[in-house]
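J.: got a predicted structure plus its sequence, pasted below:
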Amino acid sequence: MPSHAYINNKFVSFKNAKIHIEDRGLQFADSVYEVIAVLNGNLIDLDFHLKRLRYSLKELKISYKFNKLDFKNIFHKLLGKNRISNGIIYLQITRGVQYREHKYKNKLIPTLIIYSRNKKFNLPGKNFKGVNTITFEDLRWKRRDIKTVNLLPNIIAANKAKQKNAYEAILLQDGKVTEGTSSNIWIIKKNNLITHPANSDILKGVTRTSLLKIIKKTSLKLVEKSFTHKQLLEADEVFLTSSGSFITPILKIDKKKINKGKIGNITLKLAKMYTTSCTNG
Ligand SMILES: Cc1ncc(COP(=O)(O)O)c(C=O)c1O
């Protein structure tokens, strides 16, 4: 267990960290969050995370001002106190505390929650692994571009995956793939790398954004277009991206093996390029 968390303006003991029972984050999921990977003490893709955090806050009209340097200081102090060099920073901002009513008052003071946890990442190398997945209906609301803690449909699907010994559930809407419960999904067919466009049907992943930059250095043709369940199953290679899983190959979807159940060459190459970009800052 980590020793410290940061709540509002203070470092507190993780074990005794508390928020109010009428916090709107607790009662209404009226709250946004980010999960930032930490690799060898480096905060991965921090700028993209903070940009998306600003976007989520703006879309929900939660007025919380922050600057990058302050957050960076808090993150590094927390990592130091918790002795973490590989793991994640979890950051959540709720609209604040108010008597329970759907309508919110304008001048609430947002609640800030930050903590860190150890985590081992799936990095290319001798222990690099591919995962099994299932498909599941996408039951979510229509603003998936906002990173809110309103995650029940994701939780239902992820636990269905767990029941089937799968790592992730790939979500389907009208026969098309949107994304995973906590990841973006990519397929490779010939020289095409296909992923869902970043509109309100998916979360614009930070890892996705970073990978888009890397793809420009390859001869792959990027296609940001939604693809069908059939295309998914017939892909040469499939992988997922997220801050917690980096680039993770998908070897099986429901009962169908992808690339004969082996990690594909292109996925491996992209995973290596992404990891190198992380270690080089
Ligand atoms: C629904 C969803 N899509 C995609 C992602 C991947 O985003 P990122 O690469 O920013 O972690 C996540 C991450 O948690 C997610 O929850």
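T.: Yes, it's here.

J.: do a quick rundown of the strands in the stretch 1-150 of the chain.
T.: In order along the chain, the stretch 1-150 of the chain carries the following strands (DSSP state E, counting those that start in this stretch): 4-7, 10-13, 31-39, 42-43, 87-94, 111-118, 131-137.

J.: any chance of those in CSV, plus mean neighbour count, distance to Lys225 and mean pLDDT?
T.: C-beta here means a position set from N, CA and C on the backbone, and glycine is covered the same way. Formatted as CSV, the entries for the strands of the stretch 1-150 of the chain read as follows, by neighbours: other CB atoms under 10 Å; distance: least, CB to CB, whole Å; pLDDT from 0 to 100:
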stretch, mean neighbour count, distance to Lys225, mean pLDDT
strand 4-7, 20, 41, 98
strand 10-13, 12, 46, 98
strand 31-39, 22, 27, 98
strand 42-43, 17, 32, 98
strand 87-94, 22, 31, 98
strand 111-118, 19, 36, 98
strand 131-137, 20, 19, 98
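
J.: which of those sits closest to the ligand?
T.: Closest approach to the ligand among the strands of the stretch 1-150 of the chain is made by strand 31-39 (5.8 Å; CB to the nearest ligand atom).

J.: contacting residues around the nearest residue to Ile113 once chain neighbours are set aside?
T.: Closest residue in space to Ile113, ignoring its immediate chain neighbours: Gln92 at 4.4 Å, by CB to CB, 6 or more residues apart in numbering. Under the criterion of CB atoms under 8 Å, 6 or more residues apart in numbering, the contact list for Gln92 reads 25, 31-33, 111-114, 149.

J.: which bits of the stretch 101-250 of the chain sit near the ligand?
T.: Taking CB under 6 Å from any ligand atom as the contact definition, the stretch 101-250 of the chain meets the ligand at 179, 182-184, 203, 205-208, 241-243.

J.: end to end on stretch 220-228, go ahead and measure it.
T.: From the first residue to the last, stretch 220-228 extends over 20 Å; the measure is CA to CA, to the nearest Å.

J.: what about it, distance to the chain center?
T.: Centroid separation for stretch 220-228 versus its chain: 20 Å, with CA atoms, centre = their mean, to the nearest Å.

J.: average model confidence for that stretch?
T.: Taken as a whole, stretch 220-228 has an average pLDDT of 98.

J.: quick one: buried residues of it?
T.: 220, 226-227 (16 or more other CB atoms under 10 Å).

J.: what is the nearest of those residues to the ligand?
T.: Within those, the smallest distance to the ligand is 14.4 Å, found for Ser226 (CB to the nearest ligand atom).

J.: the closest one contacts Val177, correct?
T.: Yes: with contact defined as CB atoms under 8 Å, Ser226 and Val177 form a contacting pair (6.9 Å).

J.: spit out the residues that contact those two alike.
T.: Residues touching both Ser226 and Val177 (CB under 8 Å, 6+ apart): His196.

J.: what's stretch 273-281 in contact with?
T.: Residues from elsewhere that reach stretch 273-281, judged by CB under 8 Å, 6+ apart: 37, 39-40, 42, 44-45, 123-124, 207, 210-211, 214, 217-218, 246-247.

J.: hmm, that stretch in reach of the ligand?
T.: No: with CB under 6 Å from any ligand atom as the criterion, the ligand is not reached by stretch 273-281; the gap is at least 10.8 Å.

J.: how about that stretch: buried residues?
T.: Buried positions in stretch 273-281, judged by neighbour count with 16+ other CB under 10 Å: 273-275, 277-278.

J.: next, format those residues as CSV and append distance to Ala17.
T.: Converted to CSV, the buried residues of stretch 273-281 look like this (distance: CB to CB, whole Å):
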residue, distance to Ala17
Met273, 38
Tyr274, 33
Thr275, 32
Ser277, 34
Cys278, 29
